[in-house]
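Enquirer: Quick one, fold the following:
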Amino acid sequence: MNNYMQRLSLTAWRRKNTILVVAALLSLILFGLQYSVIEENNSINEERDAKVVEDALLHSIKVKFIEAANLNRPASTQTSQILKSEHLNQNSVLDRQTEKDFQVVESEQQLGIPYINIDTRNPYVPKQRLVHFDLKGAPLTLTYFRKVIPLVKHAGATGILLEYEDMFPYKGVLQSLAAKNAYTVDQVKEILRLIEDAKMDVIPLVQTFGHMEFALKHIDFQNIREVPGSPQSLCPSRNSSLDFIRELVEQVLDLHPKIKYLHIGCDEVFEMGECELCRLEMHETLFLRHVQNVANIVREIKPDLQVIIWDDMLRHLSQQSMQAMNLGNLVEPMIWVYAEDIYRFVQPPVWDKYSAIFKTAWTASAFKGAFGETVYIPNARRHLENNLHWLDVMATQSGVFKKGISGIVLTGWQRYDHFAVLCELLPASLPSLVINLITVSHGFFNSSLKNEFLTTLSCPQPPAGRAAPFINLESDPHMWDKLARCMFPGHGFFKLTYRLNNLENEAREYLDTTTRQRGWMTAYNAKHNYSLPLRVEELTADLPRVYHGTVSLAKSAADLLVGIVDNYTISEWIEQRIYPYIVALESIQNQSAVLKNVNHWPSRPLPPLTDLQRHGISLGFN
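Expert: Next up, the predicted model:
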């Protein structure tokens, strides 16, 4: 054994150079493999970091491009400023706070919240946050007021803008203005008490120029119309018009002794300068002088009252003419835009003009009643985008006014004007109101406000560990899916609008298929009693199911609206939304009965349409 070890050692010594070379090569190979793995990991990390940087930079540029478009500024100028002022490097992107910000943005995307460049660390919160109750379309019952007033207070409201129109209990010479279902004096006092108990302010809104249909439609006041055949606008040049306004304002102020503000409307004066007196003057002069006269009437009745007007008629008036009328000391403008792009409608020069004339201003967004005259449930995502944009604009523009911006009103129109049909009823719109009111009360909206949102709407908390977001405004802008289990006031009617949506789709498809797409129950078939009974039977197979579902929906609507609005409003809503489908389906039923009862038919051709001759189409029939 010893001899073997000696021979092995001697052999190793003789070949020591070869062994050293092999060991060196093995070391180099192992070192290379380790280096390759490290390099590959570094490459992956660098690629990931570069992707984060790239995504962040592209996101920033995208946001700024949107801002540039909204501000009507050249995008190329904006881009150079972005690249200069918002340079990102790997260290800042990978910073913990920045990673946290990215998580918030991602969370907002999951919720479907429109991205607006708002500073959530230092958000702008309007001092006053008012909810607009438009009572001219669907007067709320006192029972429902008792439930809704605490709810909007909980969501952050500081006041209520009350628009009565024909729901006010006018008396004396104005008695004909009050609708048959108008509030009584005691009911108005109870509404005001409820608001006062909630420690919120009240601002009554009284139209005094345009949107005067509720008054000028009556024969007693047709003599003060601007256009004899239209009740839309008041003639500002007649003394009797100012006498009418004085009586109107006196009666409203008499029932609101504690108010600090009065809104006198003056928006959308579509008919102006058309009567024999007004056509002698410029529109600008007519409008400003009437506003001046109305404001003076209000101050004569109650000297310490501040007057508010809608701003749309002022946007194109000159600064000089408004200052000449001393408008800045008479009224405060309420700047309203309900679309997503605020600056498209009120551009920066208009803000500069307003700030030079007025010490303060108000703004107005919407939570319903802005995206269609016949809509029955609001698109909460669009309204949220409108309110988020308003917060961004108010944060920028508040500093240009000496006293800042006084506050924002979330409008909820019930009709587009006095003669229009009902749009979204309040119980179907409460989720939209709550999410937008919470937004303006905090200066932003994201998942951190989930509990407040769900609590306000009496919603159950999602199960622990549930991955799905509590709302998804992208796929569910009406929030039908996410709020189906909530118990807020009027939740049953809110859910019924989902059934209405499905019913409309089914009924429209059935009616279109039966009377247009298929060839046996068209208007032509029905007129000539000429069809194949077998086909008629096939086409009406689903009719009983669709019809009974429609009638059932009407009954449910009547039950669910009791205690929210009065019976006149319930009847009107059903007549506008559901009854037309009932009538159309009954017509199909009646036509099918007649067509199936025929068992012999005349030879073709069928009698020609003689009414074509009335339109100059003569085909030479004898």
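Enquirer: And the contacts of the helix or strand that contains Ala554?
Expert: The secondary structure element spanning Ala554 is helix 543-560 (assigned by DSSP states H and E). With contact meaning C-beta atoms under 8 Å, 6 or more residues apart in numbering, helix 543-560 is reached by 490, 492-493, 496, 499-500, 503, 506-507, 510, 570, 573-574, 577-579, 581-582, 585-586, 588-589, 592. All C-beta spots, glycine's among them, are computed from the backbone N, C-alpha and C.
Enquirer: Buried only: go through those for me.
Expert: Among those, those classed as buried by neighbour count (16 or more other C-beta atoms under 10 Å) are 490, 493, 496, 500, 503, 506-507, 510, 570, 573-574, 577-578, 581-582, 585, 588, 592.
Enquirer: Just the CA trace of the helix holding Ala554, in CSV.
Expert: Provided in CSV are the C-alpha atoms of helix 543-560 (Å, rounded to 0.1, in the frame of the first residue of the first chain):
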residue,chain,number,x,y,z
LEU,A,543,-96.1,37.2,-26.9
PRO,A,544,-97.8,36.2,-23.6
ARG,A,545,-94.5,35.9,-21.8
VAL,A,546,-93.3,39.3,-23.0
TYR,A,547,-96.6,41.0,-22.4
HIS,A,548,-97.1,39.6,-18.8
GLY,A,549,-93.5,40.6,-17.9
THR,A,550,-94.2,44.1,-19.1
VAL,A,551,-97.5,44.4,-17.1
SER,A,552,-95.7,42.9,-14.0
LEU,A,553,-93.0,45.5,-14.3
ALA,A,554,-95.5,48.4,-14.4
LYS,A,555,-97.2,47.0,-11.2
SER,A,556,-93.8,46.7,-9.5
ALA,A,557,-92.9,50.3,-10.4
ALA,A,558,-96.2,51.5,-9.0
ASP,A,559,-95.6,49.7,-5.7
LEU,A,560,-91.9,50.7,-5.4
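Enquirer: still on that earlier bit, in helices only, show me the buried ones among the contacts of helix 543-560.
Expert: Taking DSSP state H, the ones among the buried ones among the contacts of helix 543-560 that sit in helices are 493, 496, 500, 503, 506-507, 510, 570, 573-574, 577, 581-582, 585, 588, 592.
Enquirer: for those residues, which one is nearest Ile308?
Expert: Nearest to Ile308 among those: Trp573, at 30.9 Å, using C-beta to C-beta.
Enquirer: Check the spacing between the closest one and Phe488 real quick.
Expert: Trp573 sits 19 Å away from Phe488, going by C-beta to C-beta, to the nearest Å.
Enquirer: For Ala364, what is the enclosing helix or strand?
Expert: If you go by DSSP H and E, Ala364 is part of strand 361-368.
Enquirer: Need the CA coordinates for whatever helix or strand comes next after that strand. CSV is fine.
Expert: Remark: after strand 361-368, the chain's next helix or strand is helix 380-397, criterion DSSP H and E. The C-alpha coordinates for helix 380-397 follow below in CSV (Å, rounded to 0.1, in the frame of the first residue of the first chain):
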residue,chain,number,x,y,z
ALA,A,380,-72.2,57.4,-12.9
ARG,A,381,-68.8,57.1,-14.6
ARG,A,382,-69.5,60.1,-16.9
HIS,A,383,-70.7,62.2,-14.0
LEU,A,384,-67.8,61.2,-11.8
GLU,A,385,-65.4,62.3,-14.6
ASN,A,386,-67.2,65.6,-14.8
ASN,A,387,-66.8,66.2,-11.1
LEU,A,388,-63.2,65.1,-11.0
HIS,A,389,-62.4,67.5,-13.8
TRP,A,390,-64.2,70.2,-11.9
LEU,A,391,-62.0,69.6,-8.8
ASP,A,392,-59.0,70.0,-11.1
VAL,A,393,-60.3,73.2,-12.6
MET,A,394,-61.4,74.7,-9.3
ALA,A,395,-58.0,74.0,-7.8
THR,A,396,-56.4,76.0,-10.6
GLN,A,397,-59.0,78.8,-10.9
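Enquirer: Next, the buried residues of helix 380-397.
Expert: Judged by neighbour count (16+ other C-beta under 10 Å), helix 380-397 contains these buried residues: 380-395, 397.
Enquirer: And the average pLDDT for the very next helix or strand once past it is what?
Expert: Note on helix 380-397: by DSSP H and E, the next helix or strand toward the C-terminus is strand 405-412. Averaging pLDDT along strand 405-412 gives 98.
Enquirer: and the angle from strand 405-412 to strand 361-368?
Expert: Between strand 405-412 and strand 361-368, the angle comes out at 20 degrees (axes from the mean of the first three to the mean of the last three C-alpha atoms, to 10 degrees).
Enquirer: can I assume Ile335 sits in a strand?
Expert: Yes. Remark: Ile335 belongs to a strand, assigned using DSSP: H, G, I helix; E, B strand; the rest coil.
Enquirer: tally of neighbours for it?
Expert: Using other C-beta atoms under 10 Å, Ile335 has 25 neighbouring residues.
Enquirer: pLDDT below threshold where in this structure?
Expert: Low-confidence segments of the chain, defined by pLDDT under 70: 1-106, 464-467, 622.
Enquirer: One more pass at 90, please.
Expert: Along the chain, segments meeting pLDDT under 90 span 1-109, 117-120, 137, 461-468, 610-611, 613, 616, 618-622.
Enquirer: so what are the domain limits for this structure?
Expert: 32-85, 128-447, 492-615 (automatic domain parsing).
Enquirer: May I see these organised as CSV, with distance to Ser458 added?
Expert: Compiled in CSV, those are given as follows (distance: least, C-beta to C-beta, whole Å):
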stretch, distance to Ser458
domain 32-85, 36
domain 128-447, 9
domain 492-615, 12
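Enquirer: which of those sits most buried?
Expert: Mean neighbour count (mean count of other C-beta atoms under 10 Å) peaks for domain 128-447 among those, with a mean of 19.
Enquirer: What is the end-to-end distance of it?
Expert: Using C-alpha to C-alpha, to the nearest Å, the end-to-end distance of domain 128-447 comes out at 24 Å.
Enquirer: List the residues that contact Asp220.
Expert: By C-beta under 8 Å, 6+ apart, Asp220 lies in contact with Val173, Ser176.
Enquirer: Tell me if it really is in a helix.
Expert: Yes. According to three-state DSSP, Asp220 belongs to a helix.
Enquirer: Which of the three states applies to Phe133?
Expert: Applying three-state DSSP to Phe133 yields a three-state assignment of strand.
Enquirer: and it, how far is that from Glu250?
Expert: Distance from Phe133 to Glu250, counting by C-beta to C-beta: 22 Å.
Enquirer: Check Gly620 too.
Expert: Distance, Gly620 to Glu250, by C-beta to C-beta: 72 Å.
Enquirer: Identify each of the strands in this protein and give its residue range.
Expert: In the chain, the strands defined using DSSP state E lie at 128-134, 159-163, 201-205, 225-227, 230-234, 261-263, 306-310, 331-336, 361-368, 405-412.
Enquirer: Packing partners of the fifth one?
Expert: This means strand 230-234. Applying 3 or more C-beta pairs under 8 Å, 6 or more residues apart in numbering; DSSP states H and E, we find strand 230-234 packed against helix 213-216, strand 225-227, helix 239-254.
Enquirer: 7 Å - rerun?
Expert: Judged by 3 or more C-beta pairs under 7 Å, 6 or more residues apart in numbering; DSSP states H and E, strand 230-234 is in contact with helix 213-216, strand 225-227.
Enquirer: for those, which one sits closest to Phe470?
Expert: Relative to Phe470, the nearest member of these by C-beta to C-beta is helix 213-216, separated by 41.4 Å.
Enquirer: Distance from the closest one to the middle of the chain?
Expert: Offset of helix 213-216 from its chain centre (C-alpha atoms, centre = their mean, to the nearest Å): 27 Å.
Enquirer: Which neighbouring elements make contact with that helix?
Expert: The contact analysis (3+ C-beta pairs under 7 Å, 6+ apart) places helix 213-216 against strand 230-234.
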